[in-house]
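Engineer: predicted model and sequence below, questions to follow.
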Amino acid sequence: MFACPSCTAENSEASKFCSECGAALKLEYEATVMHGIADHAMDGSADSSPSDSSHHGRFLPGTKVADRYRIVSLVGKGGMGEVYRADDLKLGHTVALKFLPKDLAEDPQRLEYFHSEVRLTRQISHPNVCRVYDIDEVDGQQFLSMEYIDGEDLKVLLRRIGRLPQDKGVQIAQQLCAGLSAAHDRGVLHRDLKSANIMIDGRGQVRITDFGLAKLADDATKGEVAGTPAYMAPEQLTRGENTIQSDLYSLGLILYELFTGEAAHKPTSIPELMRAHEESSLSQPSRLVDDMDPVVERVILRCLEKDPHERSKSAHAVAAALPGGDPLAAALAAGETPSPQLVAAAGETGSLSLRTGIVCLASMLLGLATFVALAPFNPLLQFEGLNSSAEKPDWLEGNVQKEILEPLGYFDRDARPDHAVYGLQERKQLAGNQRMEFWYRQRSGDYMAPSVMSRGRSLTRSAISMINPSPLEPGMVSVRTDLTGDLIELLAMPNDTSLSKTHRPGKDTQLIKLAGLSIRDFRLLGKDEERPANWEPPRYVEKDVAVYLHKDDSQRQCVVLARHHGQLVYFYAGPLDDRGRLFGRQFAHGFLTPSVKLGMPPVVSASMTIVMFLASDYRYCIR
């Protein structure tokens, strides 16, 4: 037999809930826990013992608290405290009072969370979030007063009636998303979202309660496991990562219960739950419910993706994707391109007058005619020599990654696509001739974004180019090659992470071979020999720079190699007089606006530049 921790009634060991009071009997993985990863109990135990085994808790009905509140009854208790229904004698209405468990009331960390609950919850004003009024103290015991909700929590409701009808489930899901969105809009992460913390009041309205573990998103400490394990996202349970996406995973688990009547995970211990996250996949809701709406199922499964980046972007997006929401807004909020059928199904959202339509059409035709007239002046649209598929930027990107960066240890196969960009540029050399070059840039640990650049007296945000953002920022790797893939120039600004990796810089012979050259045609300058102009690398290096000159002086060719802590950080192979024009003190920009070439006013120039960019096949200019 097993004694109920709430009412001490005897129950069989196979029972999950008390036959007398309905309390959960096995709390190993359902309790609210809070500790660091280093202290994480691998045996599945957690501090979940209730603070008192009495039916009435620590206060009997009729007890007067703080000379203001009269206790009516105990309405709930758990790992984070006891909640009582009470009458506010001063204002004459019913409130709820929340006390910390006796054994935790003197814990400084728990007290800080108690105070934080008041601070954070008072920032959220929404009809689907339980209001918190104030914090007070009686006999050394601190408590908070909050809105009393006459109803029952979602967990008890589902246990009593099973799954809800779909229309009612969608209504509750929409309200739940609205309340969670209000918290996230204020930067607050709930971190303990579960069906037991969702109240359904007497009018059937949803109220999110118990922000006892909530934190601001900017203050969420990585490595701190806080919440209820059975409702934690995989990254939250194993690594202590708390984000909006971890809250959305908990939301997905609640929706799973709401529409199926069953829990998504049914482990009996934390280790078993961890194995379930790593090894098994969730049962699709449609396997449990015959008439499951496929739209609802897609919403649930997207929230429950193991990879946080694959989940919905926000609770707003979840609400919009549910039946009755806006599917077009849901697709846009999720970062997806809506199909023509989806746009057509969205219905009419606006209209243009005939006069406005004619003006817009005339403007488009004028812009197209202007583009055709100015196309010969735009160097980005001149792609002579790109007829071979081996010379297309897509091929050149793969060549740089596999043949140059990967052997040098600078290419991360698991990096996100927005961490790298590439394009083509037209370079005018000092000799007067022009040539097309391929450029590739990547940034470890962050995405590439253009910086604000100064042009004359104004500040403008330019497109990403070889020099925008600055190639001298930590984590940047920039490469130039010709259209056959031979290396021209490489500049790496390793950060602390990349410095700790194992790099294979190779011998000078191998590196010079990447430029399509042979070391037999070059000689290494001695330390005492005079160096050519512009030979210094554009960044600090630890040791002397290796400079090679072509044995035939008439060739005017050189190779410059520089290493830092043993890894290659700079390489150049090409004409002596052209080296340093891109990464050195002089920068050559590959795109000339119409105002530069034709002397147009800045307003006209900006308009023509936008038209030319939109009308061009920019896939061959920049990814």
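Structural biologist: Now that the structure is in, tell me what you want to look at.

Engineer: look up how far residue 164 lies from residue 228.
Structural biologist: Residue 228 sits 21 Å away from residue 164, going by Cβ to Cβ, to the nearest Å. (C-beta placed from N, C-alpha, C; glycine too.)

Engineer: between the two, which is the more surrounded one?
Structural biologist: residue 228 (27 against 20; other Cβ atoms under 10 Å).

Engineer: was I right about the more buried one contacting residue 194?
Structural biologist: Yes - the pair residue 228 and residue 194 passes the contact test of Cβ atoms under 8 Å, sitting 5.0 Å apart.

Engineer: which neighbours do these two have in common?
Structural biologist: Counting by Cβ atoms under 8 Å, 6 or more residues apart in numbering, no residue touches both residue 228 and residue 194.

Engineer: got a pLDDT number for residue 12?
Structural biologist: Residue 12 is assigned 60 on the pLDDT scale.

Engineer: number of nearby residues for residue 84?
Structural biologist: For residue 84, using other Cβ under 10 Å, the count is 26.

Engineer: wait, isn't it in contact with residue 77?
Structural biologist: No - look at residue 84 against residue 77 with Cβ under 8 Å: they stay out of range, at 9.3 Å.

Engineer: who touches both of these two?
Structural biologist: Joint contacts of residue 84 and residue 77 (Cβ under 8 Å, 6+ apart) are residue 57.

Engineer: phi and psi next, for residue 230.
Structural biologist: Reported as degrees, to the nearest 10, the phi and psi values for residue 230 are phi -70, psi -20.

Engineer: how close does it sit to residue 173?
Structural biologist: Distance from residue 230 to residue 173, counting by Cβ to Cβ: 19 Å.

Engineer: more neighbours, the two?
Structural biologist: More crowded of residue 230 and residue 173, by other Cβ under 10 Å: residue 173, with 26 against 21.

Engineer: over to residue 85: give its phi and psi.
Structural biologist: phi -90, psi 130.

Engineer: distance check, the residue nearest to it when sequence neighbours are not counted against residue 138.
Structural biologist: Of all residues not flanking residue 85 in the chain, residue 72 sits nearest, at 4.3 Å (Cβ to Cβ, 6 or more residues apart in numbering). Taking Cβ to Cβ as the measure, residue 72 falls 16 Å from residue 138.

Engineer: then residue 324?
Structural biologist: 46 Å.

Engineer: check residue 86 too.
Structural biologist: For residue 86, the distance to residue 138 - Cβ to Cβ - is 12 Å.

Engineer: which neighbours do those two share?
Structural biologist: Listed as contacting both residue 86 and residue 138 by Cβ under 8 Å, 6+ apart are residue 65.

Engineer: what about these two, which has more around it?
Structural biologist: In this view residue 86 and residue 138 are compared by other Cβ under 10 Å, and residue 86 has more residues nearby, 26 against 17.

Engineer: the more buried one and residue 93 touch, don't they?
Structural biologist: No - Residue 86 lies out of contact with residue 93 (Cβ under 8 Å); the separation is 10.3 Å.

Engineer: okay, the nearest residue to residue 86 once chain neighbours are set aside: pLDDT?
Structural biologist: Closest residue to residue 86 apart from its sequence neighbours, by Cβ to Cβ, 6+ apart: residue 69 at 4.2 Å. pLDDT, residue 69: 93.

Engineer: what residues are up against residue 69?
Structural biologist: Counting by Cβ under 8 Å, 6+ apart, residue 69 touches 86, 87, 88, 89, 95, 97, 145.

Engineer: mind checking how far it is from residue 87?
Structural biologist: 7 Å.

Engineer: next: residue 529.
Structural biologist: Plainly put, residue 529 is 94 Å away from residue 87 if you go by Cβ to Cβ.

Engineer: where do the helices of the stretch 201-350 of the chain begin and end?
Structural biologist: 234-239, 244-260, 270-279, 285-288, 294-303, 315-321, 327-333, 340-345 (DSSP state H, counting those that start in this stretch).

Engineer: need those in TSV (columns: mean pLDDT, distance to residue 217 and mean neighbour count).
Structural biologist: Shown next, in TSV, are these (pLDDT from 0 to 100; distance: least, Cβ to Cβ, whole Å; neighbours: other Cβ atoms under 10 Å):
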stretch	mean pLDDT	distance to residue 217	mean neighbour count
helix 234-239	86	13	19
helix 244-260	93	7	24
helix 270-279	80	23	15
helix 285-288	89	29	16
helix 294-303	92	18	19
helix 315-321	89	13	24
helix 327-333	60	18	18
helix 340-345	57	31	10
